[in-house]
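Chemist: Kindly return the folded structure for what I paste below:
(2 chains)
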Amino acid sequence: MDRTTGMNSSITRRRRRELVVAGVLLAILIVLPLPIHDVYTRNLIIITLLFAGLSQGWNILGGYCGQISLGHSLYFGIGAYVSTMMFVGGHIPPPVGMVAGGIVAAAAALLVGWPVFRLSGHYYAIATVVVQEIGYLLALNWDFIGGASGIYVPFRGESWLNLQFRIDKLPYHYLVLGFAAVTWLVAWWLEGSRIGFSWRAVKDDVVAARSLGVRIFHSKMVATAVSGFFTGVGGAIFGLYVGYIDPDSILSGQLAILIALPAVLGGVGTLWGPFIGAAVLIPLRELSSSYLGSSGNGVDLMLYGALIMGVALLRPQGLVSLVNLVRGRAHGAA
Amino acid sequence: MALDTILQVVISGLLMGLIYALVAAGLSLIFGLMDVVNFAHGELMMVAMYAVFTLWQMTGLDPFILLPVVAALLFGLGVAIYRLLIARALSVRFNRGMVQIFVTFGLAIFIRGFMQFWYGGEFRSITTTWLANRTANVYGVYLPLPQVAAGVVCLAAFAGLLAISRTEFGRALEATREDREAVALIGIDRDRIFALGWGLGAATVGVAGVMLAGFYYVSPNVGANFALIAYVTVALGGFGSMFGALAAGLLIGEVEAITAQILEPSLKQVGMFAIYLAVLMFRPRGLFGKI
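Modeler: Okay, the predicted model is just below:
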């Protein structure tokens, strides 16, 4: 731990308290699915946890480092394709494929970041969309990875080695819970580390950060690699869980937004923002599309759009600020 | 490749490029004025397409006659969006950049949902117009007249934007773009200029939408693809530059047409995206960007 953290004991105390809160929450989430046997509800919790972890991964680049990527589904898709292809074609167990998918996604993130990080602001955001869109079009036309028709993951027996569970979805709950917990823990650790301070400096004022000796490009590259890794792992888990992948479900622009949204609504650059955002957004989206949008009448989209506008305008710091408000620690809420 | 094929590709790229340029011009205008990227820009175009479709269905009038009506409607919509949403988004104290992106993005989803609700998801098209399905054959080059008309109207709209920039209002717009704090000191109402800027930007994309509806299907999702091309066009030309939008629009139209000819048509957008990335590596602020 570096000096900056040691200097202020109140920060250390706050960070320790956050760890305790996370531990309690983890314990609750471990027992939560046990009394729930309804498949729909269990699926809802699994998807929510998956997006909590994904959005925490996005938050590392988009929140802490301030580089708003609107193309993260590229890394999600790469992770899903790598792990699925390794399992389907190479019979390599998914736990290995998952890590490999994450590593390839991180490498892709570095490869994209190398040219694109010279852009800033809106130019950067649009470039990320464009790179994702190129990936989508190529995947759509690349027959080796299934092209537009996608790939079905064959069922090779119920086991933790294959990460395939047909009888009961409970193991998937623990898989995504583990994923979300790891992303949180890494974000917690990075938040207090030297690189975490560099990121916030880059986010707040690039010129000032550079004059203080922060290596801007290096900081951004580390952020995008970590962020890309977790997004890729999340994609690999998604491929296993759903059992079918195609460019529209894992590489679309809509998905890229859905990965970023929980962090934005919950509170960018905060530890709990992505989790709070996912807990609100994902169930609302799933419930409204199954109860209101089943006939394709668009009411679910109207609700979804109105929610995004409402939160962005009324709670620009994100929903996490409501928690602070309750604690009576709000610093000049808007 | 025969000469007339090459000419055909170049001309169809040019005609599509003019539409892209006009869609991008509206986006660029709003961005240049107040640093806001309107992520609902494609949806404004879609609204214009539905508006002209509905008016055509109700009255049977030709889209050419309905053009000013729809442009006026879109102007009003743009002003309303500014007053209700953007003015508030500009006044937040936290995460201003992110709030702007996601407010307009939420608006895009809302408009899409509303159109889905009102019109359903089917593809619709305007079938009876003066020019529908007519073509001209010039020295073996096939020219679809609705697209030629669209190209001409887009050029006229650019001329119109140029003319506006010479007026009192245009100069106030330019002054606000240069220094939004200082204009208040010389008696320019910044809020009013912003609102009119939004109206003008929406009307511009509305004109593009009406002309596009003459030869393109209408559906709730039609805006998304054109919007992405518009963002690429604006970033390629340089945010805020009107001339950049025109040049980049034409370039992108050509690249798309040529890629579709050389590679598979399903990959036609890869070419324009690649050109965009390549240019941005050397000119991070686009071809003609100043900001």
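Chemist: can you pull out the helices in the stretch 1-150 of chain A?
Modeler: Applying DSSP state H, counting those that start in this stretch to the stretch 1-150 of chain A gives helices spanning A:3-7, A:9-31, A:39-59, A:73-90, A:94-116, A:121-141.
Chemist: And the stretch 101-250 of chain B, by the same measure?
Modeler: For the stretch 101-250 of chain B, applying DSSP H, counting those that start in this stretch gives helices covering B:145-165, B:168-178, B:182-185, B:190-213, B:222-237, B:242-262.
Chemist: Reformat those as TSV; add mean neighbour count and mean pLDDT.
Modeler: Every C-beta, even on glycine, is put in place using the N, C-alpha and C of the backbone. Shown next, in TSV, are the helices of the stretch 101-250 of chain B (neighbours: other CB atoms under 10 Å in any protein chain shown; pLDDT from 0 to 100):
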stretch	mean neighbour count	mean pLDDT
helix B:145-165	18	87
helix B:168-178	16	81
helix B:182-185	13	78
helix B:190-213	25	92
helix B:222-237	25	89
helix B:242-262	22	90
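Chemist: Of all the ones you listed, which one comes closest to chain A?
Modeler: When these are ranked by proximity to chain A, the top entry is helix B:222-237, at 4.8 Å, counting by CB to the nearest CB.
Chemist: any idea of the angle that closest one forms with helix B:242-262?
Modeler: Angle of helix B:222-237 versus helix B:242-262, following axes from the mean of the first three to the mean of the last three CA atoms, to 10 degrees, is 110 degrees.
Chemist: what's helix B:222-237 packed up against?
Modeler: helix A:121-141, helix B:3-34, helix B:41-59, helix B:96-119, helix B:242-262, helix B:268-282 (3 or more CB pairs under 8 Å, 6 or more residues apart in numbering or on different chains; DSSP states H and E).
Chemist: now those in a markdown table, with distance to A:Asn162?
Modeler: Listed next are these as a markdown table, based on distance: least, CB to CB, whole Å:
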| stretch | distance to A:Asn162 |
| --- | --- |
| helix A:121-141 | 25 |
| helix B:3-34 | 48 |
| helix B:41-59 | 43 |
| helix B:96-119 | 38 |
| helix B:242-262 | 42 |
| helix B:268-282 | 36 |
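Chemist: Tell me which of those helices lies nearest to A:Val268.
Modeler: Among the helices and strands packed on helix B:222-237, the nearest to A:Val268 by CB to CB is helix B:96-119 (6.2 Å).
Chemist: Setting aside sequence neighbours, what's the nearest residue to the residue positioned nearest the centre of chain A?
Modeler: Nearest to the geometric centre of chain A sits A:Leu54, at 1.6 Å (CA atoms, centre = their mean). Ranked by CB to CB, 6 or more residues apart in numbering or on different chains and with sequence neighbours excluded, the top spatial neighbour of A:Leu54 is A:Gly234, at 4.4 Å.
Chemist: Which of the helices or strands spans that neighbour?
Modeler: helix A:216-242 (DSSP states H and E).
Chemist: could you check the angle helix A:94-116 makes with that helix?
Modeler: Going by the same axes, to 10 degrees, helix A:216-242 makes 140 degrees with helix A:94-116.
Chemist: Mind giving me the packing neighbours of helix A:216-242?
Modeler: helix A:39-59, helix A:73-90, helix A:94-116, helix A:170-191, helix A:194-204, helix A:206-211, helix A:247-250.
Chemist: how far is the fifth one from where the chain is centred?
Modeler: Per CA atoms, centre = their mean, to the nearest Å, the displacement of helix A:194-204 from the mean C-alpha position of its chain is 20 Å.
Chemist: Could you see whether chain B lies near that helix?
Modeler: No - for helix A:194-204 and chain B, the contact criterion (CB under 8 Å from any CB of the partner chain) is not met; the two come no nearer than 10.4 Å.
Chemist: was I right about A:Leu70 contacting A:Leu258?
Modeler: No - between A:Leu70 and A:Leu258 there is no contact, the gap being 11.0 Å when judged by CB atoms under 8 Å.
Chemist: Quick check on the two: which one has the bigger neighbour count.
Modeler: Neighbours per residue (other CB atoms under 10 Å in any protein chain shown) separate A:Leu70 from A:Leu258, with A:Leu70 holding more: 24 against 20.
Chemist: Using a markdown table, please lay out the helices of the stretch 1-150 of chain A together with distance to B:His41.
Modeler: Converted to a markdown table, the helices of the stretch 1-150 of chain A look like this (distance: least, CB to CB, whole Å):
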| stretch | distance to B:His41 |
| --- | --- |
| helix A:3-7 | 43 |
| helix A:9-31 | 40 |
| helix A:39-59 | 24 |
| helix A:73-90 | 21 |
| helix A:94-116 | 22 |
| helix A:121-141 | 12 |
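Chemist: What residues does B:Ala87 make contact with?
Modeler: Going by CB atoms under 8 Å, 6 or more residues apart in numbering or on different chains, B:Ala87 touches B:191, B:194-195.
Chemist: can you do 7 Å?
Modeler: B:Asp191 (CB atoms under 7 Å, 6 or more residues apart in numbering or on different chains).
Chemist: a strand runs through it, doesn't it?
Modeler: No - the assignment for B:Ala87, made by DSSP: H, G, I helix; E, B strand; the rest coil, is helix rather than a strand.
Chemist: Any chance you could note which residues of chain B sit beside chain A?
Modeler: By CB under 7 Å from any CB of the partner chain, the residues of chain B that approach chain A are B:37, B:85, B:88-89, B:92-95, B:98-99, B:101-103, B:105-107, B:109-110, B:112-114, B:116-117, B:121, B:228, B:231-232, B:235, B:239, B:264, B:266-267, B:269-270, B:273, B:276-277, B:280-281, B:284.
Chemist: Buried by neighbour count, from those residues: which ones?
Modeler: Buried residues within the residues of chain B next to chain A, counting neighbours by 16 or more other CB atoms under 10 Å in any protein chain shown: B:37, B:85, B:88-89, B:92, B:94-95, B:98-99, B:101-103, B:105-107, B:109-110, B:112-114, B:116-117, B:228, B:231-232, B:235, B:239, B:267, B:269-270, B:273, B:276-277, B:280, B:284.
Chemist: near chain B, which residues of chain A?
Modeler: Residues of chain A lying near chain B (CB under 7 Å from any CB): A:68, A:115, A:118-119, A:122-123, A:126-127, A:129-130, A:133-134, A:137, A:140-141, A:257, A:264, A:268, A:296-302, A:304-306, A:308-309, A:312-313, A:316-317, A:334.
Chemist: change it to 6 Å
Modeler: Applying CB under 6 Å from any CB of the partner chain, we find that chain A lies next to chain B at A:115, A:118-119, A:122-123, A:126, A:130, A:134, A:137, A:141, A:264, A:296-298, A:301-302, A:304-306, A:308-309, A:312-313, A:316-317, A:334.
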